[in-house]
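Engineer: here is my input, please return the structure:
(2 chains)
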There are 2 protein chains.
Amino acid sequence: MSTTALESLKTIDRELQLLSKTVSLLHWDQETYMPEDGIDMRSEQISLLSGMIHERATSTEVGDLLSELGADDEHPAGGDTVPADEKSLVRCVYRDYRREQKLPAALVRRFATVTSKGQSVWAKAREHNNFAMFRDHLAEIIDLNRERAACFGYDEHPYDALLDEYEPDMKASEVKTVFDQLQKDLVPIAEKIAAASQVDDAFLHREYPVDGQRAFSMHVLQAIGWPFSRGRLDESAHPFTTDIGSLDVRLTTRYAPDFLNPALFGTIHEAGHGLYELGVDPRYHGSSLASGTSLGIHESQSRTWENMIGRSREFWQFFYPELLRTFPAVLEDIDLDRFYRGINKVEASFIRVEADEVTYSLHIMLRFRLELALIEGSLNVDDLPDAWRSMSKELLGIVPDKDSDGVLQDIHWSMGAMGYFPTYALGNLFGAQFYSTMETQIPDMREQVASGVFENILAWQRQHIHGHGRAKTARELVMDISGRPLDARFFTEYLRTKYSEVYGL
Amino acid sequence: MSTTALESLKTIDRELQLLSKTVSLLHWDQETYMPEDGIDMRSEQISLLSGMIHERATSTEVGDLLSELGADDEHPAGGDTVPADEKSLVRCVYRDYRREQKLPAALVRRFATVTSKGQSVWAKAREHNNFAMFRDHLAEIIDLNRERAACFGYDEHPYDALLDEYEPDMKASEVKTVFDQLQKDLVPIAEKIAAASQVDDAFLHREYPVDGQRAFSMHVLQAIGWPFSRGRLDESAHPFTTDIGSLDVRLTTRYAPDFLNPALFGTIHEAGHGLYELGVDPRYHGSSLASGTSLGIHESQSRTWENMIGRSREFWQFFYPELLRTFPAVLEDIDLDRFYRGINKVEASFIRVEADEVTYSLHIMLRFRLELALIEGSLNVDDLPDAWRSMSKELLGIVPDKDSDGVLQDIHWSMGAMGYFPTYALGNLFGAQFYSTMETQIPDMREQVASGVFENILAWQRQHIHGHGRAKTARELVMDISGRPLDARFFTEYLRTKYSEVYGL
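Structural biologist: Sure thing, here's the model as predicted:
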């Protein structure tokens, strides 16, 4: 009886995954290759398919199968008839069913249409540095998110209902506690750095021909083990990673002709996300379990690759010679030590994706606080650009001259993603905690990186993190790997050690 | 009552179009950018969506709406309640419904899965020049097509049921009659050419750096009026055109480093298809009418652009200076006259897509005869490579050394398309007949081409052909434009005039 119900549920789950990843392709294409006039019909396509997925995922058929399997709010992984190794699938399907089922189909469609169009409107608004062009779309996206939060329901704050989509079971109050602690720990580090003699990174803003950047990005991907038979690297206004299939994971990056960092570290960052997706155990392929377990955990992998590995001295011991070969004239006066210190310069800046490891989390706190205010209704969208500027002054000590360097810099809100930003900073914390264990278990890890050996790191990540997909929750991963709950001190300790050396504190 | 039924039908039609064009994106991506390991899940995606489209398109809901509108085999455009300007939509929906409804969903899914996988199997088989690698897939595709023909039903020959998909209302016997006549008329022309002093085209096989070819292809597209805000040009093993939306039409081409023709004329050819799709009247956008009315008519547009315009002396009076600027060293000893004669060299060859205008139709006759035999069962798939060689000997007088130059050269069968090839030769005939009228109505057309003015040609095509989409049938177009039915003599007369001059006959 239950076996049949389980098989039926798995068939539906697979079909829904196939359709969801078709929507991912529609999105990926929209951001990479779609001709601009295709946007209206593309929005309709995404809206139609999203509506169909929602309808199927919340159908009485799925509800009845879940009931038959004994899944309810008390037993989200189903009853005794569900085999132990299938419980995590039932748990994930039940979770997604419960969330989706609370949204009316019309709201799902409207949200898909508005956010799909919003992305191209945002891109134009950012290009023209004109918040007014984006204002109405954003206002509608905020309203729709407030409506969604009301549908999902919440105990403490409407924001919790949105955050839960990206970081299951985490609450705004928890984030606030962690962020307040993190801010407190970061301040003395940032202050010491500000008082130290400054690092030169002007050379990163020289002219770096885009062709060379493209070739070097591909070189790094190849060297760290990115499998091009299962993945791609393309270009888009805002870098992202998406999986079109369990064996088809795509990264994007962007090349700035006069700044090396965005593509260099953006590519490594996205590769961290992509390797997570590609590392999921094949037995989960095509199911709800074939994905990262939370965005915070996802971000822990991207930021580990981007920063802990990709901004380490050992990484550049290995890669700097090739970078010099790629840009011999540009970098002829820069030795490895200057390069290493340059890419680790700490300084308050406007653009989140280009921020250093120390100040990055402050960018996130800014967005988190503004989102909270927008969602609870204490901040009006018309006051948002001003609020951004004053919050930037308060947290970073600087104010952007133009909205394209401020409130218009991120794609997230245009995609409808509110409650997403905190996961970036949580990723730093998860990442540092995992990294600490990995360093114990691979004692010569740094020497391996210096020799261009990355397969043991990747194997460790696959065994402990990637392979589990959504079968383990974020809390379970943290406990299983480090033996204790999330603790921000791993991250601040990592920063203290690294930057004492970089800045000779 | 009928207004409501019509509105409901139009809503469903639009949704089905959105889904079909999503499948087009899945296909386009598979041929252009998909990482190779993505193929299995991609096949599943295409199969799932194709099945869903089939299910909806053949639902009792659609059947009931069509009945309510009075549509049946006697009145395919519906009854008196359907407004005159909506009859063509009802006719197209009814036609597609009747065809699709005859196929069981399981067969549709299996066909989609097999043909999706077949394409990558074919690509590998061609690459390795190994028919055995493709044999089993092809055998299954033939069986499935025989099964499909049986489901569709036919009066004379099972091939008619397949041909009807691409060239509505045309029968194999008609094609045979036209082809026999065409072959008879072509022979004296080809014989005269063979007896004349030969043209040199060796320079077309020099080394043409791919970057230059890419830039020149883009230059030509821009000059003839290809709108990049509504279209793209990419690369694939077999060039094709697909519309992802009414304002998103994509061409592909392929660049051979040692042969100028494939990309040069392939790009112009595909642009001809793409301009047709983009020229459909906006009031048909997103409906079943927003497409070419038959593949023969489609091919008439691509071959008009590729050959009648793109291989004309006037075209190269305008474009040759830019080609010289692109490849100054490669072409320094070739003047316009030698170039023009070279690109119009007539000679029996192996590869259809590289064939000249005179022998091209013989390649089509070869495929048509083999397809007829495969579908009626008088030819076994194991005997196909031999049959290809002997038919090639008979029609073209030459035999390919390897199957990649013979039976493996075309993608069509791997996509499941049988009954498709004849439309290529029909396109030559339709095209010449239309061109003859256009020359009368735009008397200085050749001078315009020589000056790089293409907008009047395009406007004429839009007014008389493109704009109507599927609202007029092929037969109606031919009658309306030229005042008489399809007549092969327009084409042979065009060839006789042109090649008398090229070869000084």
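Engineer: from residue A:201, how far out is residue A:326?
Structural biologist: According to Cβ to Cβ, to the nearest Å, residue A:326 and residue A:201 sit 18 Å apart. Any C-beta I mention is one placed from the backbone N, CA and C, and that applies to glycine too.
Engineer: ignore what I typed, I meant residue A:299.
Structural biologist: As judged by Cβ to Cβ, residue A:299 and residue A:201 stand 24 Å apart.
Engineer: those two - which one has more neighbours?
Structural biologist: More crowded of residue A:299 and residue A:201, by other Cβ atoms under 10 Å in any protein chain shown: residue A:299, with 28 against 18.
Engineer: doesn't residue A:423 make contact with the more buried one?
Structural biologist: Yes - assessed by Cβ atoms under 8 Å, residue A:299 is found in contact with residue A:423 at 5.5 Å.
Engineer: tell me how many other residues crowd the closest residue to residue A:341 other than its chain neighbours.
Structural biologist: Among residues not flanking residue A:341 along the chain, residue A:199 sits closest, at 4.8 Å (Cβ to Cβ, 6 or more residues apart in numbering or on different chains). Residue A:199 is flanked by 17 other residues according to other Cβ under 10 Å.
Engineer: name the element the closest residue to residue A:292 other than its chain neighbours belongs to?
Structural biologist: Excluding its sequence neighbours, the residue lying closest to residue A:292 (Cβ to Cβ, 6+ apart) is residue A:298, at 3.9 Å. Per DSSP states H and E: residue A:298 is located in helix A:295-303.
Engineer: tell me how far the helix-or-strand element of chain A with minimal mean pLDDT is from the chain's mean position?
Structural biologist: Least confident helix or strand of chain A, by mean pLDDT, DSSP states H and E, is helix A:105-127 with a mean of 89. A distance of 20 Å separates the centroid of the chain from that of helix A:105-127, by Cα atoms, centre = their mean, to the nearest Å.
Engineer: same check on stretch A:134-152?
Structural biologist: Computed by Cα atoms, centre = their mean, the chain-centroid distance of stretch A:134-152 equals 21 Å.
Engineer: list the buried ones in that stretch?
Structural biologist: Buried residues in stretch A:134-152, counting neighbours by 16 or more other Cβ atoms under 10 Å in any protein chain shown, are found at A:134-135, A:137-138, A:140-142, A:144-146, A:148-149, A:152.
Engineer: did I read that right, residue A:234 in a strand?
Structural biologist: Yes - Residue A:234: assigned to a strand according to DSSP: H, G, I helix; E, B strand; the rest coil.
Engineer: who touches it in this structure?
Structural biologist: A:32-33, A:250-253, B:33 (Cβ atoms under 8 Å, 6 or more residues apart in numbering or on different chains).
Engineer: and it, bridged to which residues?
Structural biologist: The bridge-partner assignment for residue A:234, based on DSSP bridges, gives residue A:252.
Engineer: just list the residues touching the spatially most central residue of chain A, thanks.
Structural biologist: Residue closest to the mean C-alpha point of chain A, counted by Cα atoms, centre = their mean, is residue A:299 at 4.8 Å. Neighbouring residues of residue A:299 by Cβ under 8 Å, 6+ apart: A:273, A:423-424, A:426-428, A:430-431.
Engineer: residue A:318 too?
Structural biologist: The neighbours of residue A:318, taking Cβ under 8 Å, 6+ apart as the test, are A:223, A:449-452.
Engineer: can you pick the most crowded of the residues you listed?
Structural biologist: Highest neighbour count within those: residue A:449, with 24 neighbours (other Cβ under 10 Å).
Engineer: if I look at that residue, how far off is chain B?
Structural biologist: To chain B, residue A:449 is 26 Å away according to Cβ to the nearest Cβ, to the nearest Å.
Engineer: on that earlier part again, show me what contacts the residue nearest to residue A:292?
Structural biologist: Residue A:298 touches A:273, A:276, A:292, A:423, A:427, counting by Cβ under 8 Å, 6+ apart.
Engineer: follow-up on the earlier one: redo the contacts of residue A:234 as CSV? Include pLDDT, distance to residue B:92 and neighbour count.
Structural biologist: CSV is the format used below for the contacts of residue A:234 (pLDDT from 0 to 100; distance: Cβ to Cβ, whole Å; neighbours: other Cβ atoms under 10 Å in any protein chain shown):
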residue, pLDDT, distance to residue B:92, neighbour count
A:32, 97, 33, 16
A:33, 98, 30, 21
A:250, 98, 36, 27
A:251, 98, 42, 26
A:252, 98, 39, 21
A:253, 97, 44, 24
B:33, 98, 32, 21
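Engineer: which stretches in the stretch 151-300 of chain A count as strands?
Structural biologist: Counting by DSSP state E, counting those that start in this stretch, one finds strands in the stretch 151-300 of chain A at the ranges A:231-235, A:241-245, A:248-253.
Engineer: ok, for the residue nearest to the centre of chain A, nearest residue in space, not its chain neighbours?
Structural biologist: residue A:427 (2.4 Å).
Engineer: for residue A:374, same thing?
Structural biologist: The shortest distance from residue A:374 to any non-neighbouring residue, by Cβ to Cβ, 6+ apart, is to residue A:142 (5.3 Å).
Engineer: from the contact counts, what lies against the helix or strand that the one you found is a member of?
Structural biologist: Here residue A:142 sits within helix A:131-152, counting by DSSP H and E. Applying 3 or more Cβ pairs under 8 Å, 6 or more residues apart in numbering or on different chains; DSSP states H and E, one finds that helix A:131-152 makes contact with helix A:105-127, helix A:158-166, helix A:360-376, helix A:384-396.
Engineer: one step back: taking helix A:131-152 as reference, get the angle to the least confident helix or strand of chain A.
Structural biologist: 150 degrees (axes from the mean of the first three to the mean of the last three Cα atoms, to 10 degrees).
Engineer: is any residue of helix A:105-127 near chain B?
Structural biologist: No - judged by Cβ under 8 Å from any Cβ of the partner chain, helix A:105-127 and chain B are separated, with a smallest distance of 11.8 Å.
Engineer: domain-wise, how is chain A divided?
Structural biologist: A:2-166, A:172-502 (automatic domain parsing).
Engineer: residues of chain A that sit close to chain B?
Structural biologist: Residues of chain A lying near chain B by Cβ under 8 Å from any Cβ: A:15, A:18-19, A:21-22, A:25-26, A:29, A:33-38, A:40-42, A:44-45, A:48-49, A:227-232, A:234, A:244-248, A:250, A:285-286.
Engineer: quick one: name whatever helix or strand follows the helix holding residue A:298.
Structural biologist: Using DSSP H and E, the helix or strand that follows helix A:295-303 towards the C-terminus is helix A:313-326.
Engineer: okay, buried residues for that next one please.
Structural biologist: Residues of helix A:313-326 classed as buried: A:313-320, A:323-324, A:326 (neighbour count, 16+ other Cβ under 10 Å).
Engineer: and it, C-alpha only, in CSV?
Structural biologist: Output in CSV follows, covering the C-alpha atoms of helix A:313-326 (Å, rounded to 0.1, in the frame of the first residue of the first chain):
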residue,chain,number,x,y,z
ARG,A,313,48.3,32.6,-0.3
GLU,A,314,48.7,28.9,-1.3
PHE,A,315,46.1,29.2,-4.1
TRP,A,316,48.1,32.0,-5.7
GLN,A,317,51.4,30.3,-5.2
PHE,A,318,49.9,27.8,-7.7
PHE,A,319,47.9,30.1,-10.0
TYR,A,320,49.9,33.4,-10.0
PRO,A,321,52.4,32.2,-12.6
GLU,A,322,49.6,31.5,-15.1
LEU,A,323,48.0,34.8,-14.3
LEU,A,324,51.3,36.5,-15.1
ARG,A,325,51.5,34.6,-18.4
THR,A,326,48.0,35.8,-19.2
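Engineer: quick one: low-confidence parts of the stretch 1-150 of chain A?
Structural biologist: The stretch 1-150 of chain A contains residues with pLDDT under 70 at A:1-3.
Engineer: ok, the residue nearest to residue A:144 when sequence neighbours are not counted to residue B:396 distance?
Structural biologist: Using Cβ to Cβ, 6+ apart and skipping residues adjacent in sequence, the residue nearest residue A:144 is residue A:111, 5.1 Å away. Distance of residue A:111 to residue B:396, given as Cβ to Cβ: 59 Å.
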